[in-house]
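Asks: Dropping a prediction and its sequence here:
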Amino acid sequence: MGFHFRFGADDLLRCRFAVSPRWETQEAVRTLLRPARHVYHLPWLRQIRAAADGLDLRPLWLLMPRAGHNPDFLSPPPVGPCVTIEEELARVRAAAAVPDAVGEDLRRALFCTPGAAQSAIGERMLADPARAVRELADLYEQAWQALVAPHWPRLRALLEADILFHSRRLAAGGLEALFDGLHPDLRWHGSTLTIRRPGHHDRSLDGQGLLLMPSAFVWPQVVGGYDPPWQPTLVYPARGIGALWTAPEGPAPPALARLLGRARAEVLCALHEPASTTALAHRLGLAPATVSAHLKALHGAGLLVSARHGHQVLYERTPVGIALTTGSVP
């Protein structure tokens with residue numbers, strides 16, 4: 001069971017990271033469709049609600065089945081580490097030159113959602129794949145401008161910080177250390193990376209290596225895919241998304257301080273990104289033993305989760321903890 005990436009000797013030398021504004025746009029659109037993803041993005045959802053209401057995203061949503069194929073031509077893997085949205089949409093639009101391949105890609109995706117291929121929108125796309133490419137690319141451009149572009153500096157900073165962190169893990173411990181910290185559903189054994197999920201799929205990398213892309217919106221999933229000839233790609237949740245939309249660091253809100261106590265509230269608010277006991281103690285000017293006691297209490301109350309990274313235990317706010325510190329209770 002699972003999705004297996006089979007590595008050869010050349011593949012170990014050709015793993016790379018990239019940031020994709022087009023991918024973030026795609027997953028932002030998908031997040032609007034999937035309430036289970038909303039918990040970390042409630043402040044963003046409030047900010048973009050009016051803009052989202054002005055878009056007809058149904059053609060894109062029809063191509064986002066809950067399980068099954070997503071059209072590869074709509075999201076070609078980025079060719080460099082820092083491509084622009086214009087460069088990525090130009091590659092999408094270029095797919096109009098191969099309408100037969102596009103039509104098959106659309107058909108596979110539409111048939112993964114019951115009734116999608118028979119809908120008026122689905123029939124229109126299948127009747128003229130080249131036109132569908134142009135219209136879908138234009139719709140992605142509109143979605144970028146409305147949903148992602150105003151927030152791109154913040155998103156890009158998060159994604160680039162994640163790449164820096166994991167690049168250091170790769171340098172320190174190799175691929176095994178890298179994959180061990182990316183997502184709980186990933187397992188590295190021998191020369192195979194497995195994504196634990198229903199079904200079975202094997203993909204030999206055949207010297208192409210693996211493209212690794214952090215995403216702010218893909219949480220809680222990790223996504224692996226692309227059929228040949230596309231480069232095999234793994235998309236995983238970026239570190240620190242729990243603090244992505246929070247207010248700048250500052251004193252704990254008075255109401256939260258009254259609820260938890262001033263010191264404990266300050267510890268919770270200081271976790272704007274995952275941190276260890278020692279890092280928090282330094283940040284707050286408190287004794288490590290004091291911070292440890294507060295962390296234990298907050299963890300026991302369900303406001304924090306912890307995970308071991310090497311010799312450190314890092315703490316991160318849960319959705320409930322985020323809601324308390326940002327006032328974003330649904």
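Replies: Sure, I can see it.
Asks: Who are the packing partners of the lengthiest helix in the chain?
Replies: Looking across the chain with DSSP state H, the single longest helix is helix 152-180. In this structure, helix 152-180 packs against strand 16-17, helix 21-33, strand 186-189, strand 211-215, with contacts taken as 3 or more Cβ pairs under 8 Å, 6 or more residues apart in numbering; DSSP states H and E. For glycine as for every other residue, the C-beta is placed from the backbone atoms N, C-alpha and C.
Asks: Kindly provide the distance from Leu89 to Asp53.
Replies: 23 Å (Cβ to Cβ, to the nearest Å).
Asks: Show me the beta-bridge partners of Leu234.
Replies: Residues in a beta bridge with Leu234, per DSSP bridges, are Leu212, Gly224.
Asks: tell me, how many neighbours does it end up with?
Replies: As a burial measure, Leu234 scores 23 neighbours (other Cβ atoms under 10 Å).
Asks: ok, now Arg168?
Replies: Arg168, neighbours per other Cβ under 10 Å, totals 12.
Asks: hmm, back to that, could you give me the buried positions within the longest helix of the chain?
Replies: 155, 158-160, 162-163, 165-166, 169-170, 175, 177-180 (16 or more other Cβ atoms under 10 Å).
Asks: and what of stretch 88-95?
Replies: 88-89, 91-93, 95.
Asks: I'd like to know which of those is nearest to Pro76.
Replies: The nearest member of these to Pro76, counting by Cβ to Cβ, is Arg91 at 4.9 Å.
Asks: Work out for me the element that closest one sits within.
Replies: helix 85-94 (DSSP states H and E).
Asks: Wait, Arg108 touches Asn70, no?
Replies: No - judged on Cβ atoms under 8 Å, Arg108 makes no contact with Asn70 at a distance of 9.0 Å.
Asks: hey, where'd the helices end up in the protein?
Replies: Applying DSSP H to the chain gives helices spanning 9-12, 21-33, 42-53, 58-62, 85-94, 99-110, 120-127, 129-143, 152-180, 254-260, 262-270, 277-284, 288-300, 319-326.
Asks: Of the ones you listed, which stretch is the most buried?
Replies: Comparing the helices of the chain by mean neighbour count (mean count of other Cβ atoms under 10 Å), helix 21-33 comes out on top with a mean of 23.
Asks: what does that helix contact?
Replies: 37-38, 41, 45, 52, 57, 60-61, 64, 74-75, 78, 83-85, 88-89, 92, 140, 143-144, 147-148, 152, 155-156, 159, 213, 215-218, 235 (Cβ atoms under 8 Å, 6 or more residues apart in numbering).
Asks: By mean pLDDT, show me the worst of the helices of the chain.
Replies: Lowest mean pLDDT of these: helix 319-326, a mean of 80.
Asks: I'd like to check the angle between it and helix 288-300, please.
Replies: Between helix 319-326 and helix 288-300, the angle comes out at 120 degrees (axes from the mean of the first three to the mean of the last three Cα atoms, to 10 degrees).
Asks: so how far is helix 319-326 from its chain's centroid?
Replies: 20 Å (Cα atoms, centre = their mean, to the nearest Å).
Asks: Which strands and helices lie in contact with it?
Replies: Looks like helix 319-326 contacts helix 254-260, helix 262-270 (3+ Cβ pairs under 8 Å, 6+ apart).
Asks: Show me the one of the ones you listed that comes nearest Gln231.
Replies: Taking those one by one with Cβ to Cβ, helix 262-270 is closest: 39.4 Å.
Asks: For Arg131, give its distance to Arg124.
Replies: Distance from Arg131 to Arg124, by Cβ to Cβ: 8 Å.
Asks: cool, Ala51 as well?
Replies: 25 Å.
Asks: Check Leu139 too.
Replies: 13 Å.
Asks: Need the per-residue pLDDT for the spatially closest residue to Arg6 that is not a sequence neighbour.
Replies: In this structure, Arg6 finds its nearest non-sequential neighbour in Ser204, 4.5 Å apart by Cβ to Cβ, 6 or more residues apart in numbering. The score at Ser204 is 87. That number is its pLDDT.
Asks: do the same with Gly327
Replies: For Gly327, pLDDT reads 62.
Asks: same question, Pro198
Replies: 76.
Asks: mind listing what the closest residue to it other than its chain neighbours touches?
Replies: Nearest residue to Pro198, sequence neighbours excluded (Cβ to Cβ, 6+ apart): Met1, at 6.7 Å. Residues near Met1 by Cβ under 8 Å, 6+ apart: 196-200.
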